[in-house]
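In: this one's sequence-less:
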């Protein structure tokens, strides 16, 4: 079977203060190739460039990546404050309906950091603007200094639900992960199931209840050393398997309707 095309959601950037670009981190692209067995396609975070039907017909599944801009609090019924940071409303307008459409159809998705938060918001959940300001919570932000190896180093343990889907995919109930996020889940959406927590109680792994397809999302960054990390590789591999199954199913539907 040929490799599935997997959409990797980009982030907007500005070069030299006046040239606008859309970019995706190479770590995400490498994870799709090396751990999921797919062909990465960078998807501009701008809904004005295509419609969702065309996009979903092009890709077998989607990686909802991390990014510095946060989901705008209006998307979950709260008022913007300085603590919420910066925003990208175009990305909000693209990803939230795309997530809902994929989940409804059973098309595979995986959310990472901001993408994890987007999945929660897409299904009616809310976010804390700054985890480290909450009583009893740790600082989950990326270290401000150091090499990439130091910034993506293992920071804390995560405990999955015994016998839950993440334990089954990864093969362990307790794992070590990196931590590079400021925001986090406040209230899970009605269909969002939290399947893994950090030691301070911060949700770190979720899926969508009663979804017909792959809907697993994580608050950490599994794209770091995805091809070799014992936690990241099985997660991306399972996502890749789901994308290949989606392509096969769509091919069968085309043959039946021919």
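Out: Okay, I see it. Values in this document were obtained by computation on a predicted structure and should not be read as measured data.
In: my guess is residue 15 meets residue 22, correct?
Out: No. Judged on CB atoms under 8 Å, residue 15 makes no contact with residue 22 at a distance of 11.4 Å. Every residue, glycine included, has its C-beta placed from N, CA and C.
In: ok, those two, which is more surrounded?
Out: Neighbours per residue (other CB atoms under 10 Å) separate residue 15 from residue 22, with residue 22 holding more: 17 against 9.
In: can you pull the contacts of the more buried one?
Out: Residue 22 is in contact with 10-13, 42, 44-46, counting by CB atoms under 8 Å, 6 or more residues apart in numbering.
In: for residue 137, same thing?
Out: Counting by CB under 8 Å, 6+ apart, residue 137 touches 131, 200-202.
In: one more time with 7 Å
Out: Going by CB atoms under 7 Å, 6 or more residues apart in numbering, residue 137 touches 131, 200, 202.
In: which of those residues count as buried?
Out: Buried members of the contacts of residue 137, counted by 16 or more other CB atoms under 10 Å: 131, 202.
In: which of the contacts of residue 137 fall in strands?
Out: Among the contacts of residue 137, no residue falls in strands (DSSP state E).
In: and the helices in the protein?
Out: For the chain, the helices defined by DSSP state H cover 26-34, 52-58, 89-105, 114-122, 148-151, 165-170, 232-257.
In: okay, the ones you listed in JSON lines with mean pLDDT next?
Out: Below are the helices of the chain laid out as JSON lines (pLDDT from 0 to 100):
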{"stretch": "helix 26-34", "mean pLDDT": "97"}
{"stretch": "helix 52-58", "mean pLDDT": "95"}
{"stretch": "helix 89-105", "mean pLDDT": "97"}
{"stretch": "helix 114-122", "mean pLDDT": "97"}
{"stretch": "helix 148-151", "mean pLDDT": "84"}
{"stretch": "helix 165-170", "mean pLDDT": "97"}
{"stretch": "helix 232-257", "mean pLDDT": "86"}
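In: brilliant, that's me finished.
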